[in-house]
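K.L.:
have a look at this fold, sequence not included:
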């Protein structure tokens, strides 16, 4: 196994998750420069039906490029590194929850991409927190990508009716932590939170890798 890992490192040398620069073998997944210089996000975002929304990073520059590789470039292993920072942010925020869950992809998009990026984040986060994520929602309509919508109103209209509760789901009087990759306008998280609250959830909070720091208006 060690020989196989060494060969992989020679063919696919490790790179920093954020700036994509080459790293020495057996080094952390984040280079020293990025560890010191990445723009951390210390605020909280607002979204209808979401109690609190937090994230470790701002959605710009190297973080933005990193998340683009994660979602569209097959870098599913980035989730492990992102989860470390997400766990720290969660502890700092002191958000409490009963159920860890995530914003799901439509099955068609998941097949195309090969994985569900929010689910992977929740799985890796759950390993650090000692809990397993629970699927609560399903995406029942494959809407066009939110990234192509010009403003919050267009995003809300695009996502309306896209999600539904999984059959047999019981969230009565539970505090839910929803995981996703990026908070932009909050339209997607708001729609998911609305469904969960209508099903009896006590509270819905959100944790993402990065925040675009825009108000949901």
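P.N.:
The structure has been received and is ready for your questions. These numbers come from a predicted model, not from an experiment.
K.L.:
would you mind giving the domain segments of this protein?
P.N.:
Taking automatic domain parsing as the criterion, the chain consists of the domains 1-37, 38-211.
K.L.:
can you tell me which of those domains is most buried?
P.N.:
domain 38-211 (a mean of 18; mean count of other CB atoms under 10 Å). Backbone N, C-alpha and C define where each C-beta goes, glycine included.
K.L.:
where among the domains of the chain is average confidence lowest?
P.N.:
Mean pLDDT is lowest for domain 1-37 among the domains of the chain, at a mean of 73.
K.L.:
and residue 116, how close does it get to residue 137?
P.N.:
For residue 116, the distance to residue 137 equals 12 Å [CB to CB, to the nearest Å].
K.L.:
overlap in contacts, those two.
P.N.:
Here residue 116 and residue 137 share the contacting residues residue 104, scored by CB atoms under 8 Å, 6 or more residues apart in numbering.
K.L.:
show me what the top helix by length along the chain is packed up against.
P.N.:
Ranked by residue count, the top helix of the chain under DSSP state H comes out as helix 78-93. With contacts taken as 3 or more CB pairs under 8 Å, 6 or more residues apart in numbering; DSSP states H and E, helix 78-93 sits against strand 50-54, helix 61-72, helix 117-129, strand 203-211.
K.L.:
where's residue 111, which helix or strand?
P.N.:
helix 107-113 (DSSP states H and E).
K.L.:
run through who's touching that helix.
P.N.:
71, 72, 105, 116, 139, 142.
K.L.:
need the contact list for the residue lying closest to residue 82 once chain neighbours are set aside.
P.N.:
Leaving aside its sequence neighbours, residue 82 sits nearest to residue 209 (CB to CB, 6 or more residues apart in numbering; 4.8 Å). For residue 209, the contacting residues are 55, 56, 57, 63, 67, 82, 85, 86, 121, 181, 182, by CB under 8 Å, 6+ apart.
K.L.:
cool, residue 163 as well?
P.N.:
Shown in contact with residue 163 (CB under 8 Å, 6+ apart): 104, 137, 138, 139, 140, 191, 192, 195.
K.L.:
may I see the residues you listed organised as TSV, with secondary structure added?
P.N.:
Formatted as TSV, the contacts of residue 163 follow (DSSP: H, G, I helix; E, B strand; the rest coil):
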residue	secondary structure
104	coil
137	strand
138	strand
139	strand
140	coil
191	helix
192	helix
195	helix
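K.L.:
from those residues, which is closest to residue 95?
P.N.:
Ranked by distance to residue 95 (CB to CB), these are led by residue 192 at 16.2 Å.
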